[in-house]
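**Student:** pasting the structure only:
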């Protein structure tokens, strides 16, 4: 009786999801920090649709396949965040009343701040690299939500700078995991939680 062939291993989708998140966050945060002319903001939309949105959504689906609840929830959700952001900017924001549009944006950001904050608690069980991403991302959403509700342009800039730090942490986590997986040894530290069974942020 022949032995059934085993299914091929699924590669860790974490580095892809983290890179997609980092790249799109970096671009938008550069505008929030007022480093780039705001008239060029439309450059964020294709990144939000395809890299930040579609690639993260795919990474989330692959994390479901690998049985990683945290990675599946995080990547699927933030993929949807970027897709919804692109739709909001393109189709919804132009039709909002100018005097109160900031309240809608503030509510949108506050909702993501709540989600990111409780995901941060779960990230404690993943790795130090991923936890750093979620701590700074939580701060980014909270700061930007406050800035929108109060129409504080200076605080928006602060949120932009914190977002840039978030992007750097996410890029590092992606870089470390893909490098360790390719070299098949721990070349770069990701500071995994010793008791964690999750893949995200850990060497393959």
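**Tutor:** Arrived safely. A quick note: this is a predicted structure, and the numbers were derived from the prediction, not measured.
**Student:** hey, let's count contacts and neighbours off CA atoms from now on
**Tutor:** Fine.
**Student:** what's the distance between the closest residue to residue 63 other than its chain neighbours and residue 58?
**Tutor:** Nearest non-adjacent residue to residue 63, counting by CA to CA, 6 or more residues apart in numbering: residue 72, 4.7 Å away. Residue 72 sits 9 Å away from residue 58, going by CA to CA, to the nearest Å.
**Student:** Between those two, point out the one with more neighbours.
**Tutor:** residue 72 (24 against 18; other CA atoms under 10 Å).
**Student:** Tell me which other helices or strands the helix or strand hosting that one touches.
**Tutor:** Assigned by DSSP states H and E, residue 72 belongs to helix 69-87. Judged by 3 or more CA pairs under 8 Å, 6 or more residues apart in numbering; DSSP states H and E, the packing partners of helix 69-87 are helix 14-32, helix 56-66, helix 101-123.
**Student:** Pick the most buried one from those.
**Tutor:** Across the helices and strands packed on helix 69-87, the average number of neighbours (mean count of other CA atoms under 10 Å) peaks for helix 14-32, which reaches a mean of 24.
**Student:** Which strands or helices does that helix pack on?
**Tutor:** Right, helix 14-32 is packed against helix 44-46, helix 56-66, helix 69-87, helix 153-183 by 3+ CA pairs under 8 Å, 6+ apart.
**Student:** Quick one: distance of stretch 104-119 to the chain centre.
**Tutor:** Put simply, stretch 104-119 sits 13 Å off its chain's centre (CA atoms, centre = their mean, to the nearest Å).
**Student:** for stretch 109-120, same thing?
**Tutor:** For stretch 109-120 - counting by CA atoms, centre = their mean - the centre lies 12 Å from the chain centre.
**Student:** which outside residues touch that stretch?
**Tutor:** Counting contacts by CA atoms under 8 Å, 6 or more residues apart in numbering, the residues outside stretch 109-120 that touch it are 74, 131, 134-135, 137-139, 141-142, 144-145.
**Student:** Columns pLDDT, distance to residue 50 and secondary structure on top of these, output as JSON lines?
**Tutor:** Listed next are the contacts of stretch 109-120 as JSON lines, based on pLDDT from 0 to 100; distance: CA to CA, whole Å; DSSP: H, G, I helix; E, B strand; the rest coil:
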{"residue": "74", "pLDDT": "98", "distance to residue 50": "17", "secondary structure": "helix"}
{"residue": "131", "pLDDT": "97", "distance to residue 50": "25", "secondary structure": "helix"}
{"residue": "134", "pLDDT": "98", "distance to residue 50": "22", "secondary structure": "helix"}
{"residue": "135", "pLDDT": "98", "distance to residue 50": "25", "secondary structure": "helix"}
{"residue": "137", "pLDDT": "98", "distance to residue 50": "21", "secondary structure": "helix"}
{"residue": "138", "pLDDT": "98", "distance to residue 50": "23", "secondary structure": "helix"}
{"residue": "139", "pLDDT": "98", "distance to residue 50": "25", "secondary structure": "helix"}
{"residue": "141", "pLDDT": "98", "distance to residue 50": "22", "secondary structure": "helix"}
{"residue": "142", "pLDDT": "98", "distance to residue 50": "26", "secondary structure": "helix"}
{"residue": "144", "pLDDT": "98", "distance to residue 50": "24", "secondary structure": "helix"}
{"residue": "145", "pLDDT": "98", "distance to residue 50": "25", "secondary structure": "helix"}
